[in-house]
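take this sequence and fold it.
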Amino acid sequence: MPAGLETDVAVPTLLPPQIPALLFRNGSSYSYAPRSPSRPPMLDWWPYQQEQQQQQFQSLQQPMQLKVRQSGNVSRSFRRLFTASGKQPGSTSSSRHTARSPIQLTFRALGGTGIGAGAGGLFCGPSNAFQLRLWPLSSSSSRLAAKNQQKTVLILMSNTGGGHKASAEALKQAFQEKYGGKYKVLIVDVWKEHTPYPFNQLPDSYSFLVKHSILWRMTYHTIQPRFMHIPYFNTVYTFVNRHLSEAFDYYDPDIVVSVHPLMQHIPTRVLAARAKRLGRAAPAPFATVVTDFTTCHNTWFCKDVNKCFVPTEYCKQLGKRMGLTEQQLVMYGLPIRPIFSKPLPAQPILRRRLGLLPNKPAILLVGGGEGMGKLQATVDALDARLQGSAQIVVICGRNKQLLGRLKTHKWQGGSHIIACGFVDNIHEWMAASDVIITKAGPGTIAEALISGLPILLNGNVPCQEEGNIPYVVDNGVGTFETDPEKIADIMADWLSPANKAKFKMMARRSKALGRPQAVYQIVHDLAVLANEVGAAAKQTVDIVSVAVGKARRCCDGSRTQQMPVGQLAVA
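Next comes the predicted model:
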């Protein structure tokens with residue numbers, strides 16, 4: 001011990017102040033501890049306690065290696081330190097724990113950490129200053145860093161049909177448009193990318209089952225009842241929970257969003273177990289966005305989600321029957337790409353831009369992403385029946401063979417026919433058309449409603465799209481027919497001058513059912529969940545609660561026991 005500094009000074013009536021080193025020639029600083037008759041003072045000279053504090057830092061901040069499986073056999077390790085702030089090493093937050101001199105602690109307490117830290121730095125010594133940084137007010141610089149921190153939105157989908165991916169892309173585009181770079185939106189096919197064989201074959205098996213409708217109906221209806229799909233999910237959980245937990249560790253989302261019926265029950269259970277393992281206050285918030293209009297499989301509805309966004313009242317009532325509450329269920333509509341909510345040029349301008357005739361009604365025939373259905377037979381029937389009184393636009397998708405045949409075909413009826421492959425401006429083609437012929441996919445129906453088009457449905461995927469047919473028919477915005485000859489007759493009837501008023505009324509009803517703002521409303525609620533529930537869920541329960549308790553006890557004048565220097569606000 002340096003000469004002349006032999007003893008501590010007891011000041012029993014005051015809290016112990018901290019004296020900056022600038023006031024002493026030898027560069028030392030010291031603090032006063034209240035002396036208790038029954039025990040010696042716990043605080044001593046700073047130069048002799050700095051080494052002790054460093055040792056306690058190292059013992060408390062033990063890294064936990066999290067091996068995260070990536071594609072192939074490559075693994076990646078992350079070093080996670082359990083600090084009071086919950087931040088990773090290298091974070092820009094002001095809450096990082098590093099050894100500081102008393103003068104640094106004093107000025108940091110006064111300048112950056114508010115009333116609580118100021119009291120800790122000035123009156124309670126360096127160890128309790130660390131504790132009091134969490135109470136009663138957090139650091140303004142910490143709040144600023146948290147406010148500016150980019151949050152992660154993890155969207156779970158599976159490429160089983162184009163509707164799920166389209167809804168996920170619509171949500172991502174709306175996040176980017178509405179909030180810019182504040183949110184990092186990741187779309188992940190979690191079954192294909194983060195589960196072992198055979199579960200990673202789900203998208204391929206779906207394509208096979210849909211082509212064999214009997215097998216698909218059997219599969220669909222077998223797991224429809226809860227007493228069937230709950231045991232099924234419990235069994236699958238035992239095989240995939242480790243892989244999904246590693247995936248969530250890798251992405252560390254502030255909110256998880258599912259746009260697929262098989263991605264509720266297992267992910268919510270994995271997130272709950274992960275939160276318990278990490279000692280967090282709660283799992284990351286979870287939201288379901290239902291992408292079916294009416295025929296919703298029961299697996300869409302899980303009681304463990306924070307929110308479930310449904311497109312129709314029918315889906316909302318089904319969710320209630322499956323045990324979800326009124327607060328969990330939110331009805332906005334189907335999330336459609338934001339481009340459909342934007343104003344477009346007048347129809348004559350669009351027709352001239354797209355190569356359509358200005359004065360003839362336009363029929364839009366959509367075959368889906370794969371160009372499936374009786375497209376060529378339907379075009380032949382329309383050409384023969386209408387005899388050039390209308391023009392036809394055929395969207396072939398990825399069916400290049402069909403596209404080649406249509407472009408080289410000579411039409412006997414003299415109709416003006418335009419054939420396109422996969423297009424990214426379907427909103428313009430819809431706005432330039434008068435009526436649409438398509439299968440009963442919920443996304444295309446929602447887009448047609450926003451565009452104000454009467455709809456003729458010419459096919460559907462068994463089970464989940466069957467309920468979309470009565471939705472269109474019962475609302476008076478279209479009809480259903482699969483035979484190409486009868487489709488041509490219906491088109492001739494709708495476009496005849498005698499039914500012009502009836503056709504316009506159908507278009508007005510269609511426009512009234514469209515909900516172009518639904519995607520923005522959903523994204524707004526998701527952002528609120530990520531900011532409020534997501535931020536609270538990332539707090540570590542044992543660290544924060546113990547720290548606050550210790551901070552309050554150290555300021556209690558009736559308590560004489562003092563925390564040793566270097567003991568941090570960690571459990």
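
low-confidence stretches in the stretch 251-400 of the chain?
368-373 (pLDDT under 70).

which residue ranges of it form helices?
Ranges of helices in the stretch 251-400 of the chain, per DSSP state H, counting those that start in this stretch, are 265-278, 313-321, 347-354, 375-386, 400-408.

same thing with the stretch 451-571 of the chain?
468-474, 484-494, 500-513, 518-529, 535-537, 541-554.

for Tyr206, which of those is the nearest?
Counting by C-beta to C-beta, Tyr206 lies closest to helix 468-474 out of the helices of the stretch 451-571 of the chain; the figure is 18.2 Å. Where C-beta positions appear, they are placed from N, C-alpha and C, glycine not excepted.

now that closest one: average pLDDT?
Averaging pLDDT along helix 468-474 yields 95.

pull out the buried residues from it.
In terms of neighbour count (16 or more other C-beta atoms under 10 Å), helix 468-474 has its buried residues at Asn468, Ile469, Tyr471, Val472.

relative to Trp300, which of these is nearest.
When the buried residues of helix 468-474 are compared against Trp300 (criterion: C-beta to C-beta), the nearest one is Asn468, at 14.9 Å.

most neighbours per residue, which of the helices of the stretch 451-571 of the chain?
helix 518-529 (a mean of 21; mean count of other C-beta atoms under 10 Å).

if we can go back for a sec, and the helices of the stretch 451-571 of the chain as JSON lines, adding distance to Ala282?
Supplementary listing: the helices of the stretch 451-571 of the chain in JSON lines, determined by distance: least, C-beta to C-beta, whole Å:
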{"stretch": "helix 468-474", "distance to Ala282": "36"}
{"stretch": "helix 484-494", "distance to Ala282": "53"}
{"stretch": "helix 500-513", "distance to Ala282": "38"}
{"stretch": "helix 518-529", "distance to Ala282": "12"}
{"stretch": "helix 535-537", "distance to Ala282": "4"}
{"stretch": "helix 541-554", "distance to Ala282": "9"}
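
any idea which of these scores lowest on pLDDT?
Among the helices of the stretch 451-571 of the chain, helix 541-554 carries the lowest mean pLDDT (a mean of 51).

so can I have TSV of the helices of the stretch 251-400 of the chain showing distance to Phe340?
Shown next, in TSV, are those (distance: least, C-beta to C-beta, whole Å):
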stretch	distance to Phe340
helix 265-278	29
helix 313-321	21
helix 347-354	14
helix 375-386	24
helix 400-408	25
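
output these in TSV; the columns should cover mean neighbour count and distance to Ser213.
Shown next, in TSV, are the helices of the stretch 251-400 of the chain (neighbours: other C-beta atoms under 10 Å; distance: least, C-beta to C-beta, whole Å):
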stretch	mean neighbour count	distance to Ser213
helix 265-278	19	26
helix 313-321	17	23
helix 347-354	15	36
helix 375-386	21	20
helix 400-408	15	22
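
which among those helices is found nearest to Ala488?
Per C-beta to C-beta, nearest to Ala488 of the helices of the stretch 251-400 of the chain: helix 375-386, 3.7 Å.

relative to helix 400-408, how tilted is the closest one?
30 degrees (axes from the mean of the first three to the mean of the last three C-alpha atoms, to 10 degrees).

tilt between helix 375-386 and helix 484-494?
Going by the same axes, to 10 degrees, helix 375-386 makes 40 degrees with helix 484-494.

isn't Glu465 right up against Thr438?
No: with contact defined as C-beta atoms under 8 Å, Glu465 does not count as touching Thr438 (11.1 Å).

mind jotting down where the strands sit in this protein?
Applying DSSP state E to the chain gives strands spanning 64-69, 75-80, 151-157, 183-189, 255-258, 286-289, 307-310, 329-331, 362-366, 391-395, 417-420, 435-438, 455-457, 478-480.

of those, which stretch is the most buried?
Note that of the strands of the chain, strand 255-258 is the most buried (mean count of other C-beta under 10 Å), with a mean of 29.

which other helices and strands contact it?
Using 3 or more C-beta pairs under 8 Å, 6 or more residues apart in numbering; DSSP states H and E, the elements in contact with strand 255-258 are strand 151-157, helix 265-278, strand 286-289, helix 518-529.

packing partners for the shortest one?
Contact partners of strand 286-289 among helices and strands, from 3+ C-beta pairs under 8 Å, 6+ apart: strand 255-258, helix 265-278, strand 307-310, helix 518-529.

next one: Leu354 from Ile426, what distance?
11 Å (C-beta to C-beta, to the nearest Å).

also Ser167?
For Ser167, the distance to Ile426 equals 15 Å [C-beta to C-beta].

neighbour count for the two, which is higher?
Ser167 (27 against 20; other C-beta atoms under 10 Å).

got the contact list for the more buried one?
Taking C-beta atoms under 8 Å, 6 or more residues apart in numbering as the definition of contact, the neighbours of Ser167 are Met157, Val259, Val289, Thr291, Leu334, Pro335, Gly443.
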